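>>> sequence and predicted structure are below.
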Amino acid sequence: MRGRCEPLAPSPHSSPVKGEEVSKSTNALLVSPISPLGSRLALVVLIIFSLVFAGFVRVGSAAEGRFLVSYGGTAGYQLPLWVNKELGFSKKYGVDLEIILIQAGSPNIQALLGGSLQLTQTAASSSVIAAARGAPVVIVATLENKLPMQLISRPEIKEPQQLRGKTIGINRFGGSNDAAVLMAIKAWKMDPKDITMLQTGGTAARMAALLSNKVSATVQSYPEIYQARKLGMNVLADIGDFGFYTNTSNIVTRSYLQQNRAAVKGFIKGQIEGMHYVKTNKEGSLKILRKRLQITDAEAVEGTYEFFAKRLPRSPRTELEGIKNILVSIDAGDKNPADFIDMSLIDEIEREGFIKKLYGS
């Protein structure tokens, strides 16, 4: 077992854009390791919590008839969703989109199961873990099939092997940070026992722990990577170079997909237009990024755009290898990755030539 420490601090998060609800629930039921003996009880607890959570999220939510989508975190990887909302792409396809920030993957899945949302855009691992326990959720589209993270270290650590015996800060065990560190350790042919992982909390907390030398390295994305480099920190690795690990995805309940295929399809078409806009309209994308990230450093905003825009695919198809790697990481490698996704709407959209028309080829 690799070294593990208790959380260093609560997880502070960026403020939402005015007009959006925020839930700061930190319940981690869905991200803990799967226990065969406790999975049935865990699912019962999950359902009960979901019903309670549903009542909380509904307060002040969008009017009936709106398509309410949550997103799990304020970072550059949410740009296509923000563009979709700002420019009304999904509305062209009959979907009156509203978006809501709910920090972290587990509460998003809980709200989805409680019926408070039509769809959530969050880490695929949250969906896979819930579905592996029997929750009726499924991934219908994926914006990132590789983790959009880099492992950054303090100035005195310039090579990966210098991390031996050191502490690496992560958000929480069982999440994408944890997986990112293990992918890097494996690629560097190190043993997980060579390092200690410390739960330091969200983006700001991890950066604070790095700057104060409480940890020697951590996992971050843009714009934080740009800021860290300005402060003299080193980038040891781009986690995306180490293989597929499905990340930001669109997730629905199976019953909602069955009963509302046209609405989900309209939303996905809006997402695809949003992705196309990001890839082809830099200035417009930068404007929306500045608004949503609420940062004024022009270089940080541009660095964030460049980092994410080049990683966006044309089609938000989920790569099975990325799901398989999630399953292996939660000791469920015997399960079929195809059981956790439904690409039928992506298939329809591609057959209709929608994506080719957008890109002109």
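That came through fine.

>>> how about P316, phi and psi?
Dihedral angles of P316 (phi, psi; degrees, to the nearest 10) stand at phi -80, psi 50.

>>> which ones are touching it?
Going by CB atoms under 8 Å, 6 or more residues apart in numbering, P316 touches 141-143, 250, 268, 271-272, 275, 346. C-beta: built from backbone N, CA, C; applies to glycine.

>>> which single one of those is nearest to N213?
Ranked by distance to N213 (CB to CB), those are led by L143 at 34.7 Å.

>>> what's the local residue count around the closest residue in space to the closest one that isn't next to it in sequence?
Residue nearest to L143 in three dimensions, not counting chain neighbours: T248, with 4.5 Å by CB to CB, 6 or more residues apart in numbering. Neighbourhood size, T248 [other CB atoms under 10 Å]: 26.

>>> how about S344?
By other CB under 10 Å, 12 other residues sit near S344.

>>> could you report the distance from it to S176?
Plainly put, S344 is 26 Å away from S176 if you go by CB to CB, to the nearest Å.

>>> kindly report the same for A75.
Look at A75 and S176: by CB to CB, they are 12 Å apart.

>>> pick out whichever of the two has more residues nearby.
S176 (28 against 22).

>>> neighbours of the nearest residue to A217 once chain neighbours are set aside, just the number please.
Spatially, and ignoring its direct neighbours in sequence, A217 is nearest to S153 (4.0 Å; CB to CB, 6+ apart). Look at S153: counted by other CB under 10 Å, it has 24 neighbours.

>>> what sits opposite S153 in the beta ladder?
Judged by DSSP bridges, the bridge partners of S153 are A217, N234.

>>> how about it, what does it touch?
Going by CB under 8 Å, 6+ apart, S153 touches 162-163, 216-217, 233-234, 236.

>>> switch to 6 Å and redo it
217, 234, 236 (CB atoms under 6 Å, 6 or more residues apart in numbering).

>>> what's the burial count for the last one?
Using other CB under 10 Å, the number of residues around L236 comes to 18.

>>> how about the helices in the stretch 51-200 of the chain?
Counting by DSSP state H, counting those that start in this stretch, the stretch 51-200 of the chain has helices at residues 79-87, 105-113, 124-132, 176-187.

>>> try the stretch 251-361 of the chain
Along the stretch 251-361 of the chain, counting by DSSP H, counting those that start in this stretch, helices occupy 254-259, 261-280, 282-293, 298-309, 320-329, 344-351, 354-359.

>>> quick one: which of these is nearest V137?
Closest to V137 of these, according to CB to CB: helix 254-259, at 7.2 Å.

>>> which other helices and strands does that closest one contact?
Counting contacts by 3 or more CB pairs under 6 Å, 6 or more residues apart in numbering; DSSP states H and E, helix 254-259 is packed against no other helix or strand.

>>> for this structure, which helix or strand comes out least confident on mean pLDDT?
In the chain, no helix or strand scores lower on mean pLDDT, DSSP states H and E than strand 22-23, which sits at a mean of 38.

>>> distance check, the most far-flung residue of the chain relative to its centre against A180.
No residue in the chain sits farther from the centre than E156, which is 30.3 Å out by CA atoms, centre = their mean. Per CB to CB, E156 is found 22 Å from A180.

>>> got it, and G114?
From G114 over to A180 (counting by CB to CB), the distance is 29 Å.

>>> could you list the low-pLDDT ranges of this protein?
1-65, 104-105, 174 (pLDDT under 70).
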